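Chemist: Kindly return the folded structure for what I paste below:
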Amino acid sequence: MVWSSEKIIQAKDLLRECPMLAAILIFLSALAVGGFLRMGFAIFVLLAIVGGFALPVIYGVRLGLAPHESILLCLAVFTFLSYASLCILYHLESYTSARGYLKTLRRHSRPVYRLLKGYAGRSGVLGILSLSTFLA
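Modeler: Numbers count the residues shown, from 1 in each chain. Model prediction:
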């Protein structure tokens, strides 16, 4: 793949407009380096991203954390990643090359959202998503 100067300028503009994207890239690269160096917190965060709640709680107990502390740390990681993802998606909407992909993503998720909203209500959707994340 050849990177043209236009693509590099678009990437720079995206990083300038969305500092959360730069933060998440730094966060993920630090996690990768920390995982290779066997740092406990980096492994904990990677397990939270990959395995939901169960794996990091077990690993947190091994590190000496209480289970409720591990769950709170998992929630902090999930909150940070969710906010970063929403910021990135918001800024990607301004680029014409990504607009088609985002419309397809919305079109595929709209029926599921309407079904959940109809049966559970808006607050129930949050509960269902929380429960499914906990069970993952």
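
Chemist: make it CA atoms for all contacts and neighbour counts henceforth
Modeler: Will do.

Chemist: domains of this structure?
Modeler: 1-93, 95-136 (automatic domain parsing).

Chemist: Rebuild those as CSV, extending it with mean neighbour count.
Modeler: Formatted as CSV, the domains of the chain follow (neighbours: other Cα atoms under 10 Å):
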stretch, mean neighbour count
domain 1-93, 15
domain 95-136, 12
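
Chemist: Return the member of those having the minimum mean pLDDT.
Modeler: Lowest mean pLDDT of those: domain 95-136, a mean of 71.

Chemist: does the residue nearest the centre of the chain sit in a helix, a strand or a coil?
Modeler: By Cα atoms, centre = their mean, the chain has its centre lying nearest to residue 81, at 3.5 Å. Here residue 81 is helix, with the state taken from DSSP: H, G, I helix; E, B strand; the rest coil.

Chemist: Roughly how far does it sit from residue 19?
Modeler: 14 Å (Cα to Cα, to the nearest Å).

Chemist: Residue 44 contacts residue 58, doesn't it?
Modeler: No - in this structure residue 44 lies outside contact range of residue 58 using Cα atoms under 8 Å: 9.6 Å.
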